[in-house]
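Chemist: Predicted structure and sequence below. I'll ask about it afterward.
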Amino acid sequence: MHQVHIVGLGIDHNEIAPAILRRIENAEVLVGGDRLLNIFRDYPGIKVPIKSPLERVIERVKKEMQLHRDVVVLADGDPLFFGIGERLINVLGREKVMLYPGITTLQVAASGMKIPWHDMETVSLHGRQDVLPLLTALVESHRVAVFTDLNFHPARLADELLRRGIDVFNMHVFEDLGMKSERAACFALKDAAKTTFSTLNFVILERTKTTEVPLFLGLDDDLYKHPKGLITKKEIRAVGLSALAIKPNHVVWDLGAGCGSMAIEASLLAHKGTVLAVEKNADRVQLIRDNIRRMGAYGVQVIYGEMPECLESLPDPDRIFIGGGIGKSNKVLEIATGRLRPGGKLVLHLVLMGSLARTRDYLKGLNWPFAITQIEVSRSRSIAGDQRLEALNPVFIVDVKKKL
């Protein structure tokens with residue numbers, strides 16, 4: 001089987017190196033998006049447009065290679081930078097792929113802004129149905145580069161961010177790079193949301209101010225907006241998060257999320273995953289959203305609804321936290337343990353002896369390994385020029401692991 005040659009055309013298509021140009025002109029099969037194929041409209045060989053689903057295109061490339069035809073795949077910029085290169089390497093093998101990287105859109109945009117780009121967070125929204133990867137990238141980053149598409153264009157991105165109360169970024173939009181119509185401008189999000197842009201665009205979001213509350217593990221309780229007394233105390237929060245053992249790409253459910261303190265701090269650990277804060281009380285849902293905005297925990301998704309019905313459409317979790325009680329029946333426990341992925345962890349914070357006994361009996365019936373820890377915390381209080389220790393309510397922490 002022949003090798004496939006993947007050519008990154010860069011930004012200025014009038015400056016293709018002669019050797020690369022000959023490689024393209026001598027190909028028997030030319031594969032690329034319609035815009036790139038149109039650059040070589042006089043090409044006499046077989047043209048294969050890249051369209052969804054990509055699997056069909058890759059199968060066509062394999063077929064042409066098996067027929068010993070010379071295949072060239074056209075790509076933007078560097079084919080290994082959010083491009084088709086990785087997919088072809090994974091399917092065909094490294095030995096069957098030759099790469100010719102070009103200058104990426106990000107390089108050109110960063111050069112225009114006169115900023116370094118080597119450590120810039122970059123997100124591609126091509127073909128996605130949600131902006132979650134962008135939201136998680138915005139949590140700690142000063143600048144985030146975004147590859148847009150016809151669905152997630154700059155105006156829609158700006159609107160999506162504003163609807164979530166995210167107003168601490170400006171949007172730099174680069175249109176028609178490398179063309180006579182090229183232009184670049186910086187917008188406030190409220191202005192970008194009302195602007196029409198070229199379909200060929202690229203975005204860099206730049207932070208303009210810090211969030212109201214800096215986000216880190218172990219935030220003091222009074223930094224959260226919460227009903228008096230209804231918050232997982234920071235010491236208990238720390239033990240619960242430790243028991244959950246959350247990894248970066250995990251899906252985490254916080255059931256009965258209250259003011260969202262556990263979900264918000266869990267999102268720092270699952271910073272490449274998904275954190276879902278489930279709450280049935282409308283006032284508390286608003287508190288969660290306010291806390292997300294104030295702390296910049298944009299990766300937390302709020303689910304407003306009654307359990308267990310509202311859990312049906314959620315992705316299966318790797319980790320589940322239950323801190324708002326287990327209810328009068330075991331229904332939520334049954335759904336949670338059934339949906340938890342094999343090897344996943346469930347952690348419950350309980351204060352009532354009856355809830356603890358019912359949970360223990362249920363877990364015994366599953367024959368899953370679990371451990372119960374009682375945590376008692378006392379905090380210092382000033383009195384008569386000195387200090388005394390004031391005890392908080394003890395909490396039972398049930399740490400469960402689902403069998404593989």
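Modeler: Thanks, I have it.
Chemist: Where does the prediction get shaky in this structure?
Modeler: 1 (pLDDT under 70).
Chemist: And residue 158, its phi and psi?
Modeler: The phi/psi pair for residue 158 (degrees, to the nearest 10) reads phi -60, psi -40.
Chemist: For it, grab the count of nearby residues.
Modeler: Here the number of neighbours of residue 158 (other CB atoms under 10 Å) works out to 25. C-betas here are computed from N, CA, C, even on glycine.
Chemist: Surely it touches residue 197?
Modeler: No: assessed by CB atoms under 8 Å, residue 158 is found out of contact with residue 197, at 10.3 Å.
Chemist: Who are the contact partners of the closest residue to residue 256 other than its chain neighbours?
Modeler: Among residues not flanking residue 256 along the chain, residue 324 sits closest, at 2.1 Å (CB to CB, 6 or more residues apart in numbering). Listed by CB atoms under 8 Å, 6 or more residues apart in numbering, the contact set of residue 324 reads 255-258, 279.
Chemist: so residue 324, which of the three states?
Modeler: The three-state label given to residue 324 by DSSP: H, G, I helix; E, B strand; the rest coil is coil.
Chemist: again with residue 135
Modeler: helix.
Chemist: Run through the residues that contact it.
Modeler: By CB under 8 Å, 6+ apart, the neighbours of residue 135 are 164, 166, 298-299.
Chemist: Please convert these to JSON lines, extending it with neighbour count.
Modeler: Compiled in JSON lines, the contacts of residue 135 are given as follows (neighbours: other CB atoms under 10 Å):
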{"residue": "164", "neighbour count": "16"}
{"residue": "166", "neighbour count": "20"}
{"residue": "298", "neighbour count": "23"}
{"residue": "299", "neighbour count": "25"}
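Chemist: Once you drop chain neighbours, what's closest to the residue nearest the centre of the chain?
Modeler: Most central in the chain under CA atoms, centre = their mean is residue 133, positioned 2.8 Å from the mean C-alpha point. Counting by CB to CB, 6+ apart, the nearest residue to residue 133 once its immediate chain neighbours are dropped is residue 123, at 4.9 Å.
Chemist: backbone phi and psi for that neighbour, please?
Modeler: phi -130, psi 140.
Chemist: what number of residues lie near the residue nearest to residue 366 when sequence neighbours are not counted?
Modeler: Leaving aside its chain neighbours, residue 366 sits nearest to residue 337 (6.4 Å; criterion: CB to CB, 6+ apart). Residues contacting residue 337 under the criterion other CB under 10 Å number 18.
Chemist: cool, residue 348 as well?
Modeler: The number of residues near residue 348, taken as other CB under 10 Å, comes to 28.
Chemist: Quick check: the gap between it and residue 401.
Modeler: Separation of residue 348 from residue 401 (CB to CB, to the nearest Å) stands at 13 Å.
Chemist: Equivalent analysis for residue 265, please.
Modeler: 21 Å.
Chemist: who's more crowded, these two?
Modeler: Taking neighbours as other CB under 10 Å, residue 265 and residue 401 compare with residue 265 leading, 26 against 17.
Chemist: wait, isn't that one in contact with residue 223?
Modeler: No: using CB under 8 Å, residue 265 is not in contact with residue 223; the gap is 11.2 Å.
Chemist: so residue 378 makes contact with residue 392?
Modeler: Yes: if you go by CB under 8 Å, residue 378 and residue 392 touch, sitting 7.0 Å apart.
Chemist: Got the domain ranges for the chain?
Modeler: With domains defined by automatic domain parsing, the chain comprises 4-103, 106-207, 221-401.
Chemist: give the contact list for the closest residue to residue 294 other than its chain neighbours.
Modeler: Closest residue in space to residue 294, ignoring its immediate chain neighbours: residue 212 at 4.2 Å, by CB to CB, 6+ apart. Residue 212 makes contact with 293-295, according to CB under 8 Å, 6+ apart.
Chemist: mind checking how far residue 212 is from residue 293?
Modeler: On the measure of CB to CB, residue 212 and residue 293 end up 8 Å apart.
Chemist: Just give me the neighbour total for residue 130.
Modeler: That count, for residue 130 with other CB under 10 Å as the rule, works out to 12.
Chemist: And it, its phi and psi?
Modeler: phi -150, psi 170.
Chemist: Same check on residue 380?
Modeler: The phi/psi pair for residue 380 (degrees, to the nearest 10) is phi -70, psi 140.
Chemist: my read: it touches residue 389, true?
Modeler: Yes: using CB under 8 Å, residue 380 is in contact with residue 389, at 6.0 Å.
Chemist: follow-up on the earlier one: got a list of what the residue nearest to residue 366 touches?
Modeler: 346, 366, 368, 400, 402.
Chemist: of all those residues, which two lie farthest apart?
Modeler: Using CB to CB, those span at most 10.3 Å, a distance reached by 346 and 366.
Chemist: who has more neighbours, those two?
Modeler: Each of residue 346 and residue 366 has its neighbours counted (other CB under 10 Å); residue 346 has more, 26 against 14.
Chemist: Now do the SS call for that one.
Modeler: Each residue gets one of three states, and residue 346 gets strand by three-state DSSP.
Chemist: Excluding sequence neighbours, find me the nearest residue to it.
Modeler: In this structure, residue 346 finds its nearest non-sequential neighbour in residue 400, 4.2 Å apart by CB to CB, 6+ apart.
Chemist: Mind listing the residues bridging to that neighbour?
Modeler: residue 346, residue 370 (DSSP bridges).
Chemist: neighbours of it, just the number please.
Modeler: Counted with other CB under 10 Å, residue 400 comes out at 23.
Chemist: so what's it up against?
Modeler: By CB under 8 Å, 6+ apart, the residues touching residue 400 are 337, 345-348, 363, 368-370.
Chemist: For the stretch 201-350 of the chain, just list every one of the strands.
Modeler: 201-207, 251-255, 274-279, 300-304, 319-322, 345-350 (DSSP state E, counting those that start in this stretch).
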